[in-house]
Structures are given as C-alpha cells and as structure tokens.
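[1] next input, structure requested:
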Amino acid sequence: MTNRLLCRKQMVVDVLHPGQPSVKKTEIREKLGKMYKIAPDLVFVFGFRTAFGGGKSTGFGLIYDTLDFAKKFEPKHRLQRHGLFEKQKATRKQRKERKNRMKKVRGTKKTKVGAAAGKKFTRDGLFKGFRTPASRPVLLMRTML
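    Next comes the predicted model:
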C-alpha cells in the first residue's frame with residue numbers, strides 16, 4: 001500500500017524459510033530492495049514473528065521515498081538500528097536530577113523542565129532568565145474605608 005502522507009510504501013512481509021530457524025532482517029532488506037529496485041537503506045523491516053513449527057515468518061516492511069523522509073518519520077530506535085541516529089547518553093546523576101526536577105511540575109511543563117537541563121549560572125550565582133528578588137513586581141493593596 002502506498003502512503004503518500006508519510007512518503008512511503010508499507011506492506012506485510014511473508015518470508016518462507018523451510019529448514020532455517022529464521023532469516024536475518026538485513027537479508028530481507030536486501031531482497032526487498034532488489035524487488036522494488038531501490039537501495040536497501042530505504043527499507044525498514046520490523047515485527048517479525050515465526051509461525052509455530054517454523055518455516056514461515058510474518059512481519060512488516062516500510063520503503064521510504066528518500067532517506068530524509070525516513071529520518072523524519074521513523075522512530076528513533078529503528079533509526080538507531082540502521083546507524084542513522086546516535087543516542088546521546090547522559091550520566092546517571094544527570095538522569096536522576098532531571099527526573100527529580102520533572103516531579104516538581106505537572107502536565108506539559110515537564111517537557112520544558114526536561115529540556116532546561118543546560119541552564120548556566122551567571123556571575124552573581126543566579127540562573128539566567130530568572131529575576132532577582134528585588135526586580136519582582138510589587139502588589140499594592142488598597143483598602144476602602
């Protein structure tokens with residue numbers, strides 16, 4: 001089936017492999033690439049299950065028009081399997097600090113707090129973007145007598 005919104009062809013792939021326990025995904029990618037006359041790096045296959053008794057596996061295949069569309073629409077873990085995405089690994093302490101900062105806020109603000117891990121201190125010891133206590137707006141209360 002052709003999916004024009006995501007610029008790809010998507011299909012259910014049946015692989016017959018009698019006498020073998022399973023087939024490597026790289027072999028399936030190369031075979032699909034030859035069938036559709038495209039480079040194997042545009043083919044993404046996943047979700048293969050071997051039928052009981054062996055000899056047949058069924059999975060899912062995606063063939064993107066260009067590598068840019070693949071990078072845009074494919075999940076990061078599948079891109080990582082192909083070597084197209086490098087996951088940045090934070091230290092354990094950074095992950096724990098981020099987790100504890102995110103626990104202090106609710107809802108969509110968690111993404112802002114999680115992304116704000118790179119804030120730097122200024123010379124006066126305060127975070128950039130935060131106001132000093134003297135610059136806070138003062139609330140004046142008037143009473144009616």
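
[2] who does residue 58 form a beta bridge with?
    Beta-bridge partners of residue 58, counted by DSSP bridges, are residue 14, residue 49.

[3] let me see the contact set for it.
    Contacts for residue 58 (CB atoms under 8 Å, 6 or more residues apart in numbering) come out as 12-15, 48-49, 51. Every C-beta, even on glycine, is put in place using the N, C-alpha and C of the backbone.

[4] cutoff 7 Å now
    12, 14, 48-49 (CB atoms under 7 Å, 6 or more residues apart in numbering).

[5] how close does it sit to residue 50?
    From residue 58 across to residue 50, the span is 8 Å (CB to CB, to the nearest Å).

[6] could you do residue 97 as well?
    Residue 97 sits 43 Å away from residue 50, going by CB to CB.

[7] tell me which of the two has more neighbours.
    residue 50 (17 against 13; other CB atoms under 10 Å).

[8] check contacts around the more buried one.
    Contacts of residue 50 by CB under 7 Å, 6+ apart are 22, 57.

[9] and the gap between it and residue 39?
    Relative to residue 39, residue 50 is positioned 27 Å away (CB to CB).

[10] same check, this time on residue 4
    Per CB to CB, residue 4 is found 20 Å from residue 39.

[11] skipping adjacent residues, who's closest to residue 82 in space?
    residue 41 (6.7 Å; CB to CB, 6 or more residues apart in numbering).

[12] give me the neighbour count for residue 61.
    Residue 61 is flanked by 21 other residues according to other CB under 10 Å.

[13] which SS class is it?
    strand (DSSP: H, G, I helix; E, B strand; the rest coil).
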